[in-house]
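> Structure here, sequence nowhere to be found:
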Ligand SMILES: NC(=O)c1ccc[n+]([C@@H]2O[C@H](COP(=O)([O-])OP(=O)(O)OC[C@H]3O[C@@H](n4cnc5c(N)ncnc54)[C@H](O)[C@@H]3O)[C@@H](O)[C@H]2O)c1
């Protein structure tokens, strides 16, 4: 039987990884992306190169130049495709941009997600629907957890969080940023379509997922390679993030699509084993590249920045015992480093 996947944001970082895996696995993959990343971030954000790469590599990949804010267009596409599964990664992903263009941020993140959910309910209510969220839905509430300062990092002092932050953590009564709030709105609607309408929906929200040329690890590694100074903002440089390779994100999506559930939330992330502080990241990249990391310390943290964020992977592993992290942090660092070296 032919299996059809609709991926929104298919030219973006995570969307293109989803296309790559499923097209490679024999699915017919349809991508919806209007290159709004270029509108948000200027020429630097242009995703056309990635679209062309996908089109050249995968004959079973079909691109649709669709804006997810276009409600009638979204309904029409879902009606036409009736996909076996939907993976929704199209988004406005930046805090700063959300603050300067709140209407666009909410229209893409919240309303766009709602358009897709309702269109899926009308066209293919049995099809699994995966929504990419973010850990920013927890706002700055993770900073309320009691912490301890270790030589190179902050860590949770409260044993309840020894394995990280679970899906039961509260999402309201804290400061999110405009971006975080629009993602919360989308998340609640994704859960509601699962719980109220019984659509097989789930949402997963990493802190940082990436390979190659995108995100904070990528930027840090590029600075190292080019001998540029990396600015550390507050928390003594001991702020901790967990990082997941996009390959492992996509594998989790595959497990969910094969055995969907309704209205579930998963804190997808690298977990404790893939957590690292800024200082530790400096040391690791210096070890890999052989070049010291130049940095300067700014004694002011970014507003609402997490001091320590580690995802608790227990629920994901309990629901999908076949899934686990397969790429450790060193592998991710080495891949990003190699990708930048190739670019130079
Ligand atoms: N990459 C990460 O580390 C990370 C971390 C946390 C959460 N996320 C979440 O994962 C999702 C995908 O992130 P990403 O890093 O791949 O982002 P990205 O910016 O690389 O990709 C998003 C894609 O969506 C497209 N898009 C934007 N507005 C659109 C619209 N109106 N209609 C159609 N397409 C549109 C963009 O052109 C872009 O190609 C987002 O929801 C993001 O918040 C990503």
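Noted; the coordinates are in hand. As the structure is a computational prediction, the values presented were derived from the model and not from experiment. Numbering: from 1, shown residues only.

> Is there any residue in stretch 240-255 that contacts the ligand?
No - under the criterion of Cβ under 6 Å from any ligand atom, stretch 240-255 makes no contact with the ligand; the nearest approach is 7.4 Å. Placement of C-beta: from N, CA and C, glycine included.

> buried stuff in that stretch?
The neighbour-count check on stretch 240-255 (16 or more other Cβ atoms under 10 Å) flags 240-254 as buried.

> same question, stretch 271-283
So for stretch 271-283, counting by 16+ other Cβ under 10 Å, buried means 271, 272, 274, 275, 276, 277, 278, 279, 280, 281, 282.

> roughly how far out does that stretch sit from the chain middle?
Here the centre of stretch 271-283 is set off from its chain's centre by 18 Å, with Cα atoms, centre = their mean, to the nearest Å.

> which ones are touching residue 47?
11, 12, 33, 35, 37, 38 (Cβ atoms under 8 Å, 6 or more residues apart in numbering).

> what's the closest non-adjacent residue to it?
residue 11 (3.7 Å; Cβ to Cβ, 6 or more residues apart in numbering).

> same thing with residue 267?
Nearest residue to residue 267 in three dimensions, chain neighbours excluded: residue 311, at 4.3 Å (Cβ to Cβ, 6+ apart).

> give the contact list for that neighbour.
By Cβ under 8 Å, 6+ apart, the contact set of residue 311 is 135, 164, 165, 206, 207, 242, 244, 267, 268, 269, 270, 271.

> Closest to residue 228 out of the residues you listed?
The closest of those to residue 228 turns out to be residue 207 (Cβ to Cβ; 23.9 Å).

> Report the separation between the closest one and the ligand.
Look at residue 207 and the ligand: by Cβ to the nearest ligand atom, to the nearest Å, they are 6 Å apart.

> quick one: low-confidence parts of this structure?
209-214 (pLDDT under 70).

> what does it put close to the ligand?
Near the ligand, when you scan the chain using Cβ under 6 Å from any ligand atom, you find 9, 11-15, 32-37, 47, 67-69, 89-91, 93, 108, 112, 132, 134, 205-206, 208-210, 215.

> And the helices in the stretch 201-344 of the chain, which stretches?
Remark: helices assigned in the stretch 201-344 of the chain by DSSP state H, counting those that start in this stretch are 215-226, 246-258, 278-289, 314-319, 329-343.

> which secondary structure elements does the second one contact?
Taking 3 or more Cβ pairs under 8 Å, 6 or more residues apart in numbering; DSSP states H and E as the contact definition, the neighbouring helices and strands of helix 246-258 are helix 13-24, strand 129-132, strand 201-204.

> Off-centre distance for it?
On the basis of Cα atoms, centre = their mean, helix 246-258 sits 13 Å off its chain's mean C-alpha point.

> and which of the buried residues of stretch 240-255 is nearest to the ligand?
The ligand lies nearest to residue 246 out of the buried residues of stretch 240-255, by Cβ to the nearest ligand atom, at 7.4 Å.

> Go ahead and confirm that closest one touches residue 16.
No - between residue 246 and residue 16 there is no contact under Cβ atoms under 8 Å: 9.0 Å.

> residue contacts, whichever residue of the chain sits closest to the ligand?
Here the residue of the chain nearest the ligand is residue 12; by Cβ to the nearest ligand atom that distance is 1.9 Å. Contact analysis of residue 12 by Cβ under 8 Å, 6+ apart lists 33, 37, 47, 50, 89, 90, 91.

> buried residues in stretch 221-229?
With the criterion 16+ other Cβ under 10 Å, stretch 221-229 contains buried residues 221, 222, 223, 224, 225.

> what sits up against that stretch?
Residues outside stretch 221-229 that contact it (Cβ under 8 Å, 6+ apart) are 213, 230, 282, 285-286, 289, 291, 293-296, 333, 336-337, 340-341, 344.

> nearest to residue 2, of the helices of the stretch 201-344 of the chain?
Nearest of the helices of the stretch 201-344 of the chain to residue 2, taken as Cβ to Cβ: helix 246-258 at 14.9 Å.

> any idea how far residue 80 is from residue 73?
According to Cβ to Cβ, to the nearest Å, residue 73 and residue 80 sit 11 Å apart.

> which of those two has more neighbours?
Using other Cβ atoms under 10 Å as the criterion, residue 73 and residue 80 rank with residue 73 on top: 18 against 11.

> any idea which helix or strand carries the more buried one?
helix 71-81 (DSSP states H and E).
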